[in-house]
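Asks: Quick check, what structure comes out for this input:
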Amino acid sequence: MTFPRHLPRPRILDQDRVPRLRWGIAGPGWIAERFVSALKAHTHQQVVAVQSSDPARARAFAERMGVPRSFGGRDMLADPEVDVVYVATVHNRHLPDALAAIEAGKHVLVEKPLALNAGEGRRLRDAARERGVFLMEAYWADFLPKFDVIRQLLADGALGDVRTVIADHGEWFGPDHRIMRADLAGGPMLDLGTYPVALATGVLGRPDRIVAAGGDMPGGVNGQCSMLLSHSGGAQSVLHTSILGHTPGDATISGTGGMLTVPGRFYTPGPFTLTANDLSTRLVFEEERNHYAQLFHQAVHLASCVGEGRIESPVRSLDDSLLTLEVMDEARRQLDIVFQEEQPTAHKQAGPS
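Replies: Coordinates of the predicted model:
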């Protein structure tokens with residue numbers, strides 16, 4: 001292995017060469033605002049409709065974001081002018097809202113996580129394949145230019161034999177935030193933990209063993225979780241996620257040839273540093289920390305896939321999304337974290353969209 005003398009260039013899709021799809025938004029919340037803003041500012045994609053269980057919320061979102069049509073309930077799915085639906089509802093609505101869109105024959109981008117658990121994720125995968133529509137988890141980190149460069153470095157063996165992944169993501173939230181609500185599948189795992197788990201499994205693959213430790217908060221949600229993953233050949237991932245307070249949010253990928261360090265928040269646009277183990281070479285990737293402005297990359301990727309007749313992403317496959325969920329499922333099993341929708345006798349109360 002020869003340590004690289006320079007970093008590869010990010011491979012960015014030419015948006016002028018992808019179809020101009022007509023998007024409908026399911027769930028007019030915080031992330032949907034940023035998604036729509038990114039599409040409007042940086043792409044030729046068209047946002048034509050929005051739906052919510054509360055028609056007034058849909059109308060207000062449409063007026064605020066310049067979206068032509070708004071719908072109550074799931075009426076938007078009958079609109080022939082909608083090609084693809086971005087599901088941005090709360091976690092426990094991802095399965096029913098995405099299934100409804102799939103059954104209506106729409107392509108679907110589901111805000112991460114794909115579903116509450118791997119079983120739900122498989123239902124979505126199977127439904128999309130049967131209907132012949134495109135389905136992808138909106139795990140936006142995988143589509144950022146810096147992660148394309150990181151994937152190229154790993155594929156080229158720049159780090160040698162990767163032995164360790166360390167990743168952290170913790171934030172503080174106020175008591176009224178939805179992440180504090182047990183009825184909305186709250187806690188750090190699905191919101192924050194997806195990022196370190198997806199990084200670890202993306203780099204090192206399926207773990208052979210998972211050890212999890214954590215603690216609960218008042219109100220019935222998990223407060224934090226630490227995970228140790230053992231992978232093939234003795235490689236390890238050390239992961240942490242928390243809603244008890246802010247943490248650095250850094251990530252490190254370490255191998256026999258070098259170390260790649262990503263400062264927090266590691267999953268967002270920003271820099272990283274690649275350092276040879278003998279300290280002879282240090283390469284720095286620089287990128288503006290514009291955070292959610294780069295949500296558009298995943299939409300352009302989806303449009304490219306649809307134009308090529310694909311029903312699954314070659315960058316963030318459904319198997320990738322399911323593996324992330326499977327690891328989190330096992331960690332939750334060890335910590336006895338059971339969402340209300342997973343309790344056979346529980347009343348399945350839908351949250352706000």
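Asks: Please report how far the residue of the chain most remote from its centre lies from M259.
Replies: Relative to the mean C-alpha coordinate of the chain, counting by CA atoms, centre = their mean, the farthest residue is S280 (35.3 Å). Going from S280 to M259 by CB to CB, to the nearest Å gives 13 Å. Where you see a C-beta, it was placed from the backbone N, CA and C, and this is true even at glycine.
Asks: And for M65?
Replies: Note on M65: its distance to M259, by CB to CB, is 42 Å.
Asks: repeat for G245
Replies: According to CB to CB, G245 stands 27 Å off from M259.
Asks: Could you do L159 as well?
Replies: L159 sits 7 Å away from M259, taking CB to CB as the criterion.
Asks: what's the overlap in contacts for the two?
Replies: Here L159 and M259 have 253, 274 as joint contacts, going by CB atoms under 8 Å, 6 or more residues apart in numbering.
Asks: Looking only at neighbour counts, state which of these two leads.
Replies: Counted by other CB atoms under 10 Å, L159 and M259 do not tie: L159 has more neighbours, with 25 against 16.
Asks: For my notes, confirm that one occurs in a strand.
Replies: No - L159: not assigned to a strand; according to DSSP: H, G, I helix; E, B strand; the rest coil it is coil.
Asks: and it, what does it touch?
Replies: Applying CB under 8 Å, 6+ apart, the residues near L159 are 153, 253-260, 274.
Asks: Neighbours of A56, how many?
Replies: As a measure of burial, A56 has 10 neighbours, counting by other CB under 10 Å.
Asks: same question, S304
Replies: Counted with other CB under 10 Å, residues neighbouring S304 total 17.
Asks: again with the one 10 residues further on
Replies: Neighbour count for P314, taken as other CB under 10 Å: 9.
Asks: repeat for the one 5 residues further on
Replies: One way to gauge burial is a neighbour count; for D319, by other CB under 10 Å, it gives 12.
Asks: what residues are up against it?
Replies: With CB under 8 Å, 6+ apart, D319 has no contacts at all.
Asks: Any figure for the gap between T261 and G187?
Replies: In this view, T261 and G187 are 28 Å apart by CB to CB.
Asks: So which of these two has more stuff around it?
Replies: Ranked by neighbour count (other CB under 10 Å), T261 and G187 place G187 first, with 30 against 16.
Asks: Surely M227 and R209 touch.
Replies: No - applying CB atoms under 8 Å, one finds M227 not in contact with R209, separated by 10.7 Å.
Asks: where exactly do the helices run in the chain?
Replies: Taking DSSP state H as the criterion, the chain contains helices spanning 30-42, 55-65, 94-103, 118-131, 145-155, 188, 194-204, 296-307, 318-335.
Asks: Leaving out the residues flanking it, which one is nearest to H297?
Replies: The shortest distance from H297 to any non-neighbouring residue, by CB to CB, 6 or more residues apart in numbering, is to F143 (3.9 Å).
Asks: That neighbour - how many residues pack around it?
Replies: Counted with other CB under 10 Å, F143 comes out at 24.
Asks: cool, the one 5 residues further on as well?
Replies: Using other CB under 10 Å, the number of residues around D148 comes to 18.
Asks: Next up, the contacts around it.
Replies: Remark: with contacts taken as CB under 8 Å, 6+ apart, D148 is in contact with 10-12.
Asks: measure it to L7 for me?
Replies: Taking CB to CB, one finds D148 at 11 Å from L7.
Asks: Kindly report the same for F296.
Replies: F296 is 23 Å from L7, by CB to CB.
Asks: again, but for T261
Replies: When T261 is compared with L7 (using CB to CB), they lie 14 Å apart.
Asks: residue closest to the middle of the chain?
Replies: Here the mean C-alpha position of the chain is nearest to the C-alpha of Y139 (CA atoms, centre = their mean), at a distance of 2.3 Å.
Asks: in the stretch 1-150 of the chain, what spans have low per-residue confidence?
Replies: 1 (pLDDT under 70).
Asks: What residues does D97 make contact with?
Replies: Counting by CB under 8 Å, 6+ apart, D97 has contacts 26-27, 74, 87, 89, 353.
Asks: Verify the stated contact: W172 with Q224.
Replies: No - with contact defined as CB under 8 Å, W172 does not count as touching Q224 (11.5 Å).
Asks: Quickly list what's touching both of those two.
Replies: Residues touching both W172 and Q224 by CB under 8 Å, 6+ apart: 243-244.
Asks: more crowded one of F296 and L7?
Replies: Under the criterion of other CB under 10 Å, the comparison of F296 against L7 puts F296 first, with 21 against 18.
Asks: With neighbour numbers in mind, choose between W172 and Q224.
Replies: Using other CB under 10 Å, the more surrounded residue of W172 and Q224 is Q224, with 22 against 11.
Asks: any idea how far E171 lies from C225?
Replies: Distance check for E171 against C225: by CB to CB, it reads 14 Å.
Asks: Which among the contacts of L159 count as buried?
Replies: Neighbour-count burial (16 or more other CB atoms under 10 Å) applied to the contacts of L159 gives 153, 253-255, 257-260, 274.
Asks: Can I get those residues in CSV including pLDDT and distance to V36?
Replies: Output for the buried ones among the contacts of L159, formatted as CSV (pLDDT from 0 to 100; distance: CB to CB, whole Å):
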residue, pLDDT, distance to V36
L153, 97, 33
I253, 98, 33
S254, 98, 38
G255, 98, 39
G257, 96, 42
G258, 97, 39
M259, 98, 38
L260, 98, 33
L274, 98, 35
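Asks: quick one: which of the residues you listed sit in strands?
Replies: In this view, the buried ones among the contacts of L159 that belong to strands under DSSP state E are 253-255, 258-260, 274.
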